[in-house]
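Peer 1: fold the following for me, if possible:
(2 chains)
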Protein chains: 2
Amino acid sequence: MANVPTSVKDAVLRRVADALLGDARATILEANARDMAGGEEQGLSSAMLDRLRLDGARLDGIAKGLADVIALPDPVGVEREKKTLPNGVEISRMRVPLGLVGIIYESRPNVTIDAAALTLKSGNAVILRGGKEAFQSNRAFASVFDHALEAEGLPPAAVTLLPTTDRRATLALIQQTGVVDVVIPRGGEGLMHFVSENARVPVLQHFKGVCHVYVDASADLTMATRIVLNSKVQRPGVCNALETLLVDARVADAFLPAVAKELIAAGVTLRGDAAVCARVPQAEPATDADWDTEYLDLVLSIAVVDGLEPALAHVAQHGSGHTECIVTADTEQAERWLHEVDASLVLVNASTRFNDGGELGLGAEIGISTTKLHAYGPMGLEELCSSKWVGRGTGQIRG
Amino acid sequence: MANVPTSVKDAVLRRVADALLGDARATILEANARDMAGGEEQGLSSAMLDRLRLDGARLDGIAKGLADVIALPDPVGVEREKKTLPNGVEISRMRVPLGLVGIIYESRPNVTIDAAALTLKSGNAVILRGGKEAFQSNRAFASVFDHALEAEGLPPAAVTLLPTTDRRATLALIQQTGVVDVVIPRGGEGLMHFVSENARVPVLQHFKGVCHVYVDASADLTMATRIVLNSKVQRPGVCNALETLLVDARVADAFLPAVAKELIAAGVTLRGDAAVCARVPQAEPATDADWDTEYLDLVLSIAVVDGLEPALAHVAQHGSGHTECIVTADTEQAERWLHEVDASLVLVNASTRFNDGGELGLGAEIGISTTKLHAYGPMGLEELCSSKWVGRGTGQIRG
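Peer 2: Residues are numbered from 1 along each chain as shown, chains lettered A, B, ... in the order given. As a prediction, the model looks like this:
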């Protein structure tokens, strides 16, 4: 797969998109209906059923996602950092696929297409292990991909859906040292811990996003309110949503009642420390557990801190390496925040919701890594590649 | 350690170098003499004893290595790939240390200083587990580092030598999920397998180097001889030395007897397939195992292949992802080799011995990774770092 020309990879993706818009649509929706019926029988929550559900509009969206991947530049074979050594050897770093990527995910069946598209475009082969609730939908999607690969003369095994969602099969997948080059788990904490405890192959983890906004005394408080609101309520169920607001004590009186009013109007439940509860009667007292909780919901914990140092300490202790923002008009504080906070995206005066492959210009992402090895932050096509060194000489030897 | 200024890190390294050149020299040599006596008592081979041995010249060399690291630019905090998003947020990628690095190595005590210097300069903390034969020497080196850190107001724990070489301690080290960010093993196959079987934390492996030179029919045969000789005999005991020579059948008659003569004159034992043995009477017949063997010695296996395709297939089957060279005058063959061979350094017309951090301009290396995740090839200061995203906004929110 590493040496398949871009035009062939794009042709496969176009065939898949065409099938989703045409021939395969009925089969996919029928398979999904079986999954939905099974899910209802098992008593899945309405949120789970919504994640599982496919319809015409969602299939259109997946096809649109494929068109976006087709439009992205092929990372494979691109040479960077070219230079000529003193001895005349021309060296550079050439992007190469990682090899065989395992992707383990839960209920959303669209991940089958999205993940297969990104791994194919980046020259990798992929083994997919989707959620058991979505098994029929995933099989239908994988079958579309297999036909498209075959039609372009490529091995269907390049996109392989595990034929079972049995945990023993997952265990076997994550222990294939020397065969599977990397595993990317996407899902809840249970899955993440199962993979990290049992994997023998390298893992790119996306752990939880306990994201903070720290509002410094110098902040434009109107801007701070806008950023806090957007970070918390624009889409509360995702990993880059705000979970804890830290407010500099010097602006607690000026900022807290005002921002609380807007948050409450937006349906957010507030949990605060004593300094917050004293200023915001509607806030419930926060417990110790709140500072480490990823609510993924319209809930926000708020603490008052005595300036930058305690804010940095709070984030170092409770942050999850995901997204951390300061709102400030003070350049020195801003630069300290950018340099000293350890997170995949560190922001000044912008919404935490920007930690996203599309927003940061990667085009599409397969997840957001919160481990520092290999990729830290959104993983797009380039992060699904490695770089080998290449050298072009004219007979040079080492002295 | 991530936020220690460059000047302070360099001052620590300067103190260590000064101690090696002065105050600490006698103590270190005395500790090493105890290790040497122990090694002789245990009946270590003369090669092992040579690796273990320190003397004034070797300490001078280690001090020179420290000066080289001082002269390298600090990677931490460097911003690359700056761009402004359409919404006006300025984003970039800022290099950050990996965190806590574990380094597990065998007999050479100089690794204690080299590895500590590179991890310190790249803003990491390090836990070192050296070989048991070198324990006294390593303790003496670590003590020099501790004093230098303390003298600059830094915690001595930033460079920690495990107080035991017990395998259970190593096991504990490589299973510290959430504490140790990455482990880098450097040593023989036994150590590598122990680490890869048992690690729970990410591992950057350097497996063996079964490196090839393929001499194409279009090659300048004088150049080919020079490259083969240099790759094999300049320093046969290292991982980037040549282990298998592949010769295009079309030049087997013209090339093999000539290159064999020079290799034999240089003391190299030859092992060949039937086509080689027919042309080189001194060659012993190669067994199947030879094609997968890293000799690390003056031994070379040679096979005749029918052009580029079988050469690529041989390297794909038997190569170890380390260093692979083609000698050719045909640009198309050269470019196919560069694109299609999967190795950390792929070369045209240059010695395999160039796969080295110093030679490739990294300044110094902590090892050569043959795993594709995170780093593929020599690991210098930049490869001991990750990159976080940083964003500077003016109040932007997501729509």
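
Peer 1: when you work out contacts or count neighbours from here on, use the C-alpha atoms and nothing else.
Peer 2: Fine.

Peer 1: spit out the contact partners of the closest residue to chain B within the stretch 1-150 of chain A.
Peer 2: Ranked by CA to the nearest CA, the top residue of the stretch 1-150 of chain A for proximity to chain B is residue A:98, at 6.2 Å. Neighbouring residues of residue A:98 by CA atoms under 8 Å, 6 or more residues apart in numbering or on different chains: A:124, A:181, A:182, A:384, A:385, A:386, B:372, B:373.

Peer 1: columns distance to residue B:118 on top of these, output as TSV?
Peer 2: Below are the contacts of residue A:98 laid out as TSV (distance: CA to CA, whole Å):
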residue	distance to residue B:118
A:124	33
A:181	27
A:182	27
A:384	27
A:385	26
A:386	23
B:372	21
B:373	20
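
Peer 1: mind putting those into a markdown table with secondary structure, neighbour count and distance to residue A:352?
Peer 2: A markdown table is the format used below for the contacts of residue A:98 (DSSP: H, G, I helix; E, B strand; the rest coil; neighbours: other CA atoms under 10 Å in any protein chain shown; distance: CA to CA, whole Å):
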| residue | secondary structure | neighbour count | distance to residue A:352 |
| --- | --- | --- | --- |
| A:124 | coil | 25 | 31 |
| A:181 | coil | 21 | 31 |
| A:182 | strand | 26 | 28 |
| A:384 | helix | 28 | 24 |
| A:385 | strand | 25 | 26 |
| A:386 | strand | 23 | 28 |
| B:372 | coil | 25 | 31 |
| B:373 | coil | 25 | 28 |
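
Peer 1: nearest to residue A:12, of the residues you listed?
Peer 2: residue A:124 (13.9 Å; CA to CA).

Peer 1: in the helix or strand harbouring residue A:141, which residues are buried?
Peer 2: For residue A:141, the host element (DSSP states H and E) is helix A:135-151. The neighbour-count check on helix A:135-151 (16 or more other CA atoms under 10 Å in any protein chain shown) flags A:135-149 as buried.

Peer 1: please list which of those are also close to chain B.
Peer 2: Among the buried residues of helix A:135-151, not one lies near chain B by CA under 8 Å from any CA of the partner chain.

Peer 1: which one among the residues you listed gets closest to residue B:291?
Peer 2: For these, the nearest to residue B:291 is residue A:149 (34.3 Å; CA to CA).

Peer 1: quick check: that closest one vs residue A:8, distance?
Peer 2: Using CA to CA, to the nearest Å, residue A:149 is found at 9 Å from residue A:8.

Peer 1: what helices and strands are in contact with the helix holding residue A:141?
Peer 2: helix A:6-21, helix A:25-41, helix A:110-121, strand A:159-161 (3 or more CA pairs under 8 Å, 6 or more residues apart in numbering or on different chains; DSSP states H and E).

Peer 1: recalculate using a threshold of 10 Å.
Peer 2: Contact partners of helix A:135-151 among helices and strands, from 3 or more CA pairs under 10 Å, 6 or more residues apart in numbering or on different chains; DSSP states H and E: helix A:6-21, helix A:25-41, helix A:110-121, strand A:125-129, strand A:159-161.

Peer 1: tell me which of these lies nearest to residue A:231.
Peer 2: Counting by CA to CA, residue A:231 lies closest to helix A:110-121 out of these; the figure is 24.4 Å.

Peer 1: who's in contact with the residue nearest to residue A:202 when sequence neighbours are not counted?
Peer 2: Spatial nearest neighbour of residue A:202, excluding adjacent residues (CA to CA, 6 or more residues apart in numbering or on different chains): residue A:182 at 4.9 Å. With contact set as CA atoms under 10 Å, 6 or more residues apart in numbering or on different chains, residue A:182 has these partners: A:98-103, A:126, A:174, A:176, A:199-204, A:384, B:372-373.

Peer 1: and what of residue A:107?
Peer 2: Neighbours of residue A:107 in contact, by CA under 10 Å, 6+ apart: A:48-53, A:130-135, A:138, A:187.

Peer 1: rank those by pLDDT and give me only the lowest.
Peer 2: The member of the contacts of residue A:107 with the lowest pLDDT is residue A:187, at 82.

Peer 1: state the helix or strand in which that residue lies.
Peer 2: Here residue A:187 is assigned to no helix or strand, by DSSP H and E.

Peer 1: and residue A:347, by the same measure?
Peer 2: Assigned by DSSP H and E, residue A:347 falls in strand A:345-350.

Peer 1: just the strands in the stretch 201-350 of chain A please.
Peer 2: Using DSSP state E, counting those that start in this stretch, the strands found in the stretch 201-350 of chain A span residues A:211-215, A:242-248, A:269-272, A:284-285, A:299-305, A:323-327, A:345-350.

Peer 1: and those as a markdown table, adding distance to residue B:92, mean neighbour count and mean pLDDT?
Peer 2: Shown next, in a markdown table, are the strands of the stretch 201-350 of chain A (distance: least, CA to CA, whole Å; neighbours: other CA atoms under 10 Å in any protein chain shown; pLDDT from 0 to 100):
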| stretch | distance to residue B:92 | mean neighbour count | mean pLDDT |
| --- | --- | --- | --- |
| strand A:211-215 | 20 | 30 | 98 |
| strand A:242-248 | 22 | 27 | 98 |
| strand A:269-272 | 33 | 22 | 98 |
| strand A:284-285 | 38 | 17 | 98 |
| strand A:299-305 | 29 | 24 | 98 |
| strand A:323-327 | 14 | 31 | 98 |
| strand A:345-350 | 10 | 29 | 98 |
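
Peer 1: mind putting these into a markdown table with distance to residue B:42?
Peer 2: Formatted as a markdown table, the strands of the stretch 201-350 of chain A follow (distance: least, CA to CA, whole Å):
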| stretch | distance to residue B:42 |
| --- | --- |
| strand A:211-215 | 56 |
| strand A:242-248 | 60 |
| strand A:269-272 | 65 |
| strand A:284-285 | 66 |
| strand A:299-305 | 61 |
| strand A:323-327 | 54 |
| strand A:345-350 | 53 |
